[in-house]
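*Asks:* No letters, just coordinates:
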Ligand code: G1P
């Protein structure tokens, strides 16, 4: 047993407009774009459930209801499949216990920090996880499970980090690293989307967080930051020193599915790992590459 309150809730900010994937995302949420046969959001939810998270909190917006439907019971579909003697196993990952899926709305796109703040009433007074579903994290155990294991040791706040080439730091939240102990690094500072020359390191926040509920009160008064948005990174930065703050270097692979090339990379990489298609896909790739 850990001395720290268990992480049972996770917030998934999914209100973004997905403009980078237009026209594909005109009528469907970008989180529903599939990597092979699972929508992107499913990978994040699977990772959450593997880590012992029970309640999923989606911060959605207009046009995003397909995400909620995806995790709801599909009575007609299930009945029809049963009548046709088809196994329902394939739907298992989409089954969320009644009451364990909550959707709140972010009515105006004021930034990631604001999106998280929109979930404050559901999060309540408990530590919670955050998943940015664009970041597809593949590992055994998964990224959040690795983070929960670290949290059980050190408590407080944790973010997953990874190294990127210096020219990419300005697209991310960047940490000022302190002492390192195995996969854990003390976080001394955080800055959102710094200029390359101002970045304290090349260790970026990679879309997974475990935070204490106090962050909601910090967000309440948070001013706009990088890009004119209310930034989660700025609120977290203000908590450093008041509570333990660590970065976890994820042992696994990460695909940036917020970019088209990253999305294709993820699709190819995952296809090559699937027993049911790896050989065929490898043969196709060879052919295409001449
Ligand atoms: C957000 C966070 C940033 C983080 C990134 C990871 O940025 O603000 O700190 O590094 O996600 O993908 P966004 O991609 O929303 O601009």
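*Replies:* Looks like it arrived, so ask away. Remember, it's a predicted structure, so these values are computed and weren't measured experimentally.
*Asks:* Quick check: the residue in the stretch 151-290 of the chain that the ligand sits nearest to vs residue 161, distance?
*Replies:* Nearest to the ligand in the stretch 151-290 of the chain, going by C-beta to the nearest ligand atom, is residue 173, at a distance of 2.4 Å. C-betas here are computed from N, CA, C, even on glycine. Per C-beta to C-beta, to the nearest Å, residue 173 is found 9 Å from residue 161.
*Asks:* Find residues that contact each of the two.
*Replies:* 204, 205 (C-beta atoms under 8 Å, 6 or more residues apart in numbering).
*Asks:* doesn't residue 246 fall inside a strand?
*Replies:* Yes - Residue 246: assigned to a strand according to DSSP: H, G, I helix; E, B strand; the rest coil.
*Asks:* How about the contacts made by it?
*Replies:* By C-beta under 8 Å, 6+ apart, the contact set of residue 246 is 150, 154, 156, 157, 158, 159, 184, 185, 186, 187.
*Asks:* could I get these as JSON lines with neighbour count, distance to the ligand and pLDDT?
*Replies:* Converted to JSON lines, these look like this (neighbours: other C-beta atoms under 10 Å; distance: C-beta to the nearest ligand atom, whole Å; pLDDT from 0 to 100):
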{"residue": "150", "neighbour count": "20", "distance to the ligand": "19", "pLDDT": "97"}
{"residue": "154", "neighbour count": "17", "distance to the ligand": "21", "pLDDT": "95"}
{"residue": "156", "neighbour count": "17", "distance to the ligand": "18", "pLDDT": "97"}
{"residue": "157", "neighbour count": "23", "distance to the ligand": "14", "pLDDT": "98"}
{"residue": "158", "neighbour count": "26", "distance to the ligand": "14", "pLDDT": "98"}
{"residue": "159", "neighbour count": "27", "distance to the ligand": "9", "pLDDT": "98"}
{"residue": "184", "neighbour count": "16", "distance to the ligand": "19", "pLDDT": "96"}
{"residue": "185", "neighbour count": "21", "distance to the ligand": "15", "pLDDT": "97"}
{"residue": "186", "neighbour count": "17", "distance to the ligand": "18", "pLDDT": "97"}
{"residue": "187", "neighbour count": "25", "distance to the ligand": "12", "pLDDT": "98"}
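*Asks:* Which ones among those lie within strands?
*Replies:* 157, 158, 159, 184, 185, 186, 187 (DSSP state E).
*Asks:* what sits opposite the third one in the beta ladder?
*Replies:* In this structure, residue 159 bridges to residue 209, residue 247 when assessed by DSSP bridges.
*Asks:* Residue 82 touches residue 91, doesn't it?
*Replies:* No - between residue 82 and residue 91 there is no contact under C-beta atoms under 8 Å: 11.2 Å.
*Asks:* And for the closest residue to residue 138 other than its chain neighbours, the neighbour number?
*Replies:* Closest residue to residue 138 apart from its sequence neighbours, by C-beta to C-beta, 6 or more residues apart in numbering: residue 253 at 4.8 Å. Using other C-beta atoms under 10 Å, residue 253 is surrounded by 15 other residues.
*Asks:* which residues does residue 253 contact?
*Replies:* Counting by C-beta under 8 Å, 6+ apart, residue 253 makes contact with 137, 138, 139, 269.
*Asks:* what pLDDT does it get?
*Replies:* What the model reports for residue 253 is a pLDDT of 95.
*Asks:* now residue 107
*Replies:* At residue 107, pLDDT is 91.
*Asks:* In a helix, it, correct?
*Replies:* No - counting by three-state DSSP, residue 107 falls outside a helix, being coil.
*Asks:* Torsion angles phi and psi at it?
*Replies:* phi -80, psi -30 (degrees, to the nearest 10).
*Asks:* Could you give me the buried positions within stretch 144-157?
*Replies:* Neighbour counts over stretch 144-157 (16 or more other C-beta atoms under 10 Å) mark 144, 145, 146, 147, 148, 150, 151, 154, 155, 156, 157 as buried.
*Asks:* now stretch 174-188
*Replies:* Buried-residue list, stretch 174-188, by 16+ other C-beta under 10 Å: 174, 175, 176, 177, 183, 184, 185, 186, 187, 188.
*Asks:* now swap in stretch 263-280 and tell me
*Replies:* Within stretch 263-280, the residues that qualify as buried are 263, 265, 266, 267, 270, 271, counting by 16+ other C-beta under 10 Å.
*Asks:* taking the mean pLDDT, what do you get for that stretch?
*Replies:* Stretch 263-280 comes out at a mean pLDDT of 96.
*Asks:* and it, does that touch the ligand?
*Replies:* No - Stretch 263-280 lies out of reach of the ligand by C-beta under 6 Å from any ligand atom, never closer than 13.6 Å.
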